[in-house]
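got a sequence here, can you model it:
(4 chains)
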Number of protein chains: 4
Amino acid sequence: MNSFGRIFRINIFGESHGEYTGVTIDGCPPGISLTEEDFKFDLARRKSGAKGTTLRKEDDKPVIISGLYNGFTSGSPVTILFKNKNTRPSDYNFRKHPRPGHADFAADRKYNSFNDDRGGGHFSGRLTTGLVAAGVTAKKIIPEIKITAILTEAGGSENIDKAVENALKSGNSIGGIIECRVANVPVGLGEPFFDSVESLISHAIFSIPGIRGIEFGSGFNSAKEKGSEHNDMIINKKGKTKTNHAGGINGGITNGNDIIFRIAVKPTSSISLPQETYNFESGKIEDLRIIGRHDACFALRVPVIAEAVTACVIADMVLISK
Amino acid sequence: MNSFGRIFRINIFGESHGEYTGVTIDGCPPGISLTEEDFKFDLARRKSGAKGTTLRKEDDKPVIISGLYNGFTSGSPVTILFKNKNTRPSDYNFRKHPRPGHADFAADRKYNSFNDDRGGGHFSGRLTTGLVAAGVTAKKIIPEIKITAILTEAGGSENIDKAVENALKSGNSIGGIIECRVANVPVGLGEPFFDSVESLISHAIFSIPGIRGIEFGSGFNSAKEKGSEHNDMIINKKGKTKTNHAGGINGGITNGNDIIFRIAVKPTSSISLPQETYNFESGKIEDLRIIGRHDACFALRVPVIAEAVTACVIADMVLISK
Amino acid sequence: MNSFGRIFRINIFGESHGEYTGVTIDGCPPGISLTEEDFKFDLARRKSGAKGTTLRKEDDKPVIISGLYNGFTSGSPVTILFKNKNTRPSDYNFRKHPRPGHADFAADRKYNSFNDDRGGGHFSGRLTTGLVAAGVTAKKIIPEIKITAILTEAGGSENIDKAVENALKSGNSIGGIIECRVANVPVGLGEPFFDSVESLISHAIFSIPGIRGIEFGSGFNSAKEKGSEHNDMIINKKGKTKTNHAGGINGGITNGNDIIFRIAVKPTSSISLPQETYNFESGKIEDLRIIGRHDACFALRVPVIAEAVTACVIADMVLISK
Amino acid sequence: MNSFGRIFRINIFGESHGEYTGVTIDGCPPGISLTEEDFKFDLARRKSGAKGTTLRKEDDKPVIISGLYNGFTSGSPVTILFKNKNTRPSDYNFRKHPRPGHADFAADRKYNSFNDDRGGGHFSGRLTTGLVAAGVTAKKIIPEIKITAILTEAGGSENIDKAVENALKSGNSIGGIIECRVANVPVGLGEPFFDSVESLISHAIFSIPGIRGIEFGSGFNSAKEKGSEHNDMIINKKGKTKTNHAGGINGGITNGNDIIFRIAVKPTSSISLPQETYNFESGKIEDLRIIGRHDACFALRVPVIAEAVTACVIADMVLISK
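Predicted coordinates:
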């Protein structure tokens, strides 16, 4: 299902090597000022994430084809398209010799071989252009709330540049950890029992390709803490807490402190190094060498995408709570 | 929002100290044999999780009041009630002096003080009886798929009994780590872009009170791995992989290998030790002493609840994929 | 699917001759005063609709088992149960010799004979107790909006009492026309493109058993009018119109004038007169004689049910528009 | 909300005088052969409906920009665009002097004057191109089921050509009645309680602009019938009925007989004749003369649109029932 959200609802479409990727935002309130200029900064962050890699050249220019009138959202669905220019025919037959770590095998089975297998098709990171565009729109709905995600480590190293450089040299790839912080959050967002803030954020985050884990507040470390250490003492009438092990959420509802979470991004699946894996045509395990353009560290691009889906979730919760 | 699922849809209701808690399962296929006996084992696992604690005495007897006919589900909604017998008036005014780590403050603000504040009300772990009952039903829909969750550590220790004992003695509480494995999974479950397997499982898992993190496959460790280490090589025509760092999921879709994930449970919020925290009546930070019955290690109860929500998600995905 | 609504969401369960019927209302705002007394009037209207018939004796006493605290809704799901007291074993094997006009045949096929076939099971008019209860709750959320439905004719006659009497005497049944009017409606309810006011109201109305048609404003007569006759001229700055052929709705959105619609109710399917119909056991067309309790004119009960589902739809639209 | 459907889910976007209108179909099964040629016939039916009117010239050429691969649907969302070529600036200020029968006033209030008011904006009949395109796709999913809608009368007359001609001559407009029949329907479609076949079809039909009523089977006439007349006797083991007063639906579920319904279309709101109505700028009731291109009988275009939304509903029900 390619839509998410209850009121502010995003719908993603497109394929890596199709004509367009895009997003339709339903439920966007009227009167939000929106220009194609607004998208530049975040789209550039997503793109520049690919430093040091043989980048597929795409200008990532958003074209708003509906829902905008005289520079403001009109209340009808906002559709934003990105034209794919630098498409290429499939470099290899991934149906016969599926790439390890990719969706090739699972998607082929799921869609009875009708899926678009060029460059990952609908599973491609290229679809995240639409997420970023939706995020820019969502951020404008909640201007007082600040969402900031940063890559805190890559390849197990805090020296990210160096780690990426090494990965590039060796034809390998690395993952990373992103920390996201949401400040100026109103108290009371989130809808128990099933639409807890953690439920909605994790749902959205795990739709980003390549995420392996998420933790809120003190996260996995909580499992080693005692209650007396973990509990956050309230220190004033606004509900501010001395510590923030809960990541700003109690009982699935925001408590007014910053929402804090971290996500783990796996190393990019496509690497230049040859990999032994099963060839369905020959029936043997054979070396697969993936020719083509790929990031050595997809995690570099993820912060702005994580911010975007978080903004969509928060905007939706704010619209529901009103 | 107290419902979850697309076809197999569960609806939770009730409060800790209300008359009943319960669940309505909509979209349950007709012809599933179901007796109140079927629920005993999993409900007992949930209850016995509370070993060593001054347990609230509840018999947890499920009463099926709709959707069952001649011992089989009829295709109409299945409603299962649990009568609360051992209810008590609120031990303390948690609106004025909210408990650290609890939803008291956030819920009071969200619901304008109309929320039921007795024992956590709708936020209580007692609501998980309904989740377990739904899980039992879900498991019967997918008998070939085996879901097993175990507590692998508590309070940072693999000697769980000892850790719980120490927590009890000191009037404190501890958290834990649960590992869940789903075996015999068909290839192709999960619906990109937003209903990835990880998205749906994490959404459901974070609805369980007290969860702080979730990771799939090699999880947070993936961030330190190289692509050549992390990628799972396919070794036969069924798609079996040599390793399972992906946790059985590629591109959000099951690949036929076991789904594996781990969740972090925080230490129980209620502890006997006094805690300094803000008193909204006096306007001062004061000692709060929580009298009453509480688990020293809520994580002990979580495995069967994690299995239950996972079963609901998988059953729903199976019904959609048909 | 047994739930309806986006924010104010009702979930129906139960069977005619099961232990309970009921409804869970999710998304009900906190702070709505609610007593079991509040339900009496509308439940009595629903029941008294069965005048002149050998009525199944049920006291229709609502029991609120969740979501209410100190007399006010708490913000968690409100579950209301009705105990079925006067249940009886099936009077006849309707699987073998399905009743004309009933769901017997279609339901048997749909649910592979697992459906509860006693008295219509989940398809019974008895389920409408839950609808009425939800409607009472919805009306309290929108106290300024007045919803009034009346039976304007039955059996083609405006002398309703007489028509019902004749039907009873002859062992036959009759249908009727209900007109519903919603006054004090704010401008701007309804969400194009698909959640037009007419779409949502008709969706809800056709969930009531036995409805054959719905028309808004001048309805089917519109098809014979000219634009110059049909168009409603605006006469003041509040948007009041001289006529109301549009039924208070333009482009799927309320225009501030009264919403007006009419619904057609078919004659009750169960009649005492023998009916020739196919017997699946004998493979022959044979006389079927339905023994038991049934209304001669189910339409008598429908006004309060129509009001109820309309109130649910309007309350939901109001909550969304805020 | 601009989406509809549970599995086969359509999302509409665009404005009358924006750059594009379009539709995204989510949940379309993989492997459906689809060419732009497939859309021609139904799109031409929609267009030619405008006979005798000064037609806005649009070529209605569908462009499929996602979800199609090698001529077959791939399982990812299918997005179809229609470029608006013949757009024009607003002919008149409808915010100040709203057109009777149009959404001008209600939409202006709902969207705080941010709505696109050119030619009806998002409320325009032009949006129905997307519905027709979705319908073509839906019909290909259920090739064995035949859906046929015809205009049976217009302006109260069975001589439709003559009635349209008269309306044109007089600068007025007329409505009409459409009858839709669905043949070869499997038994058991529809999901009680709320997703009855009538509920879903009426929901979809009332999203088409200008619909005033819908009735199934013997419809409003049922209200005048006796049970002994109305009940449809089953005559063979397939469930075939002698009559079809139920319109092929019992208890909200298809019974295998043809689904039959009729819809009432109001006369087109825009007419050339001057109309007295309130001018919000002058504060007086004044003559409004609508210059521009409009159909004398929009009902002529509705049959193919009615077929389209019906096909979407049936395809969705079929996919759910599998």
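
drop to CA atoms for contacts and neighbour counts, all remaining ones
Will do.

give me the neighbour count for A:Thr137.
A:Thr137 has 25 neighbours, counted by other CA atoms under 10 Å in any protein chain shown.

so who does A:Ala133 touch?
Contacts for A:Ala133 were tallied using CA atoms under 8 Å, 6 or more residues apart in numbering or on different chains; they are A:Val23, A:Phe39, A:Leu43, A:Pro62, A:Ile80, A:Ala308.

typo on my end, A:Phe123
Applying CA under 8 Å, 6+ apart, the residues near A:Phe123 are A:Glu15, A:Ser16, A:Ala103, A:Pro209, B:Pro192, B:Phe193, B:Gly251.

in helices, which of these fall?
Among the contacts of A:Phe123, the subset assigned to helices under DSSP state H is empty.

which residues of chain A score low on pLDDT?
Within chain A, the segments meeting pLDDT under 70 span A:49-56, A:89-92, A:293.

can you do 90?
Applying pLDDT under 90 to chain A picks out residues A:1, A:16-18, A:36, A:47-59, A:85-94, A:117-126, A:290-295, A:322.

and the longest helix along it, what's buried?
Counting residues, the longest helix found in chain A (DSSP H) is helix A:302-321. Within helix A:302-321, the residues that count as buried by 16 or more other CA atoms under 10 Å in any protein chain shown are A:302-320.

quick one: the residue of chain A found nearest chain C from B:Glu225, how far?
Residue nearest to chain C within chain A (CA to the nearest CA): A:Lys322, separated by 6.2 Å. To B:Glu225, A:Lys322 is 44 Å away according to CA to CA, to the nearest Å.

now, the contacts of A:Phe123 that are in strands?
Among these, no member falls in strands (DSSP state E).

for those, which ChimeraX command selects only the ones that are buried?
Selection of buried members from these for ChimeraX, criterion 16+ other CA under 10 Å:
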select /A:15,16,103,209 /B:192,193,251
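
between the contacts of A:Phe123, which is closest to C:Arg99?
Nearest to C:Arg99 among the contacts of A:Phe123 is B:Pro192, at 44.8 Å by CA to CA.

my read: that closest one touches B:Gly252, true?
Yes. Between B:Pro192 and B:Gly252 there is a contact under CA atoms under 8 Å: 6.3 Å.

who touches both of these two?
Residues touching both B:Pro192 and B:Gly252 by CA under 8 Å, 6+ apart: A:Ser207.

in contact with the residue lying closest to A:His17 once chain neighbours are set aside, which residues?
Nearest non-adjacent residue to A:His17, counting by CA to CA, 6 or more residues apart in numbering or on different chains: A:Thr87, 4.9 Å away. Neighbour list for A:Thr87: A:Ser16, A:His17, A:Gly18 [criterion: CA under 8 Å, 6+ apart].

can we see that at 10 Å?
A:Thr87 sits next to A:Ser16, A:His17, A:Gly18, A:Glu19, A:Arg56, A:Lys57, A:Glu58, A:Arg118, A:Gly119 when contact means CA atoms under 10 Å, 6 or more residues apart in numbering or on different chains.

buried subset of those as a PyMOL selection?
Buried members of the contacts of A:Thr87, identified by 16+ other CA under 10 Å, are gathered into one PyMOL selection as follows:
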select buried, chain A and resi 16+17+18+19+118+119
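
which ones among the contacts of A:Thr87 lie within strands?
Members of those lying in strands (criterion: DSSP E): none.

can you list the contacts of A:Thr87 in a markdown table and add distance to C:Pro267?
Formatted as a markdown table, these follow (distance: CA to CA, whole Å):
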| residue | distance to C:Pro267 |
| --- | --- |
| A:Ser16 | 57 |
| A:His17 | 59 |
| A:Gly18 | 56 |
| A:Glu19 | 56 |
| A:Arg56 | 68 |
| A:Lys57 | 68 |
| A:Glu58 | 65 |
| A:Arg118 | 59 |
| A:Gly119 | 61 |
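
show me the strands in the stretch 151-300 of chain A, by range?
Taking DSSP state E, counting those that start in this stretch, the strands of the stretch 151-300 of chain A run over residues A:176-183, A:211-216, A:249-250, A:253-254, A:259-265, A:275-279, A:284-288.

could you dump those strands into TSV with mean neighbour count and distance to chain B added?
Formatted as TSV, these follow (neighbours: other CA atoms under 10 Å in any protein chain shown; distance: least, CA to the nearest CA, whole Å):
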stretch	mean neighbour count	distance to chain B
strand A:176-183	23	4
strand A:211-216	28	4
strand A:249-250	28	5
strand A:253-254	26	6
strand A:259-265	27	5
strand A:275-279	22	5
strand A:284-288	16	7
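
re earlier: which residues touch the residue lying closest to the residue of chain A closest to chain C once chain neighbours are set aside?
Closest residue to A:Lys322 apart from its sequence neighbours, by CA to CA, 6+ apart: C:Lys322 at 6.2 Å. Residues near C:Lys322 by CA under 10 Å, 6+ apart: A:Leu319, A:Ile320, A:Ser321, A:Lys322, C:Leu189.

near chain C, which residues of the stretch 201-322 of chain A show up?
Contacts of the stretch 201-322 of chain A with chain C, taken as CA under 10 Å from any CA of the partner chain, map to A:Leu319, A:Ile320, A:Ser321, A:Lys322.
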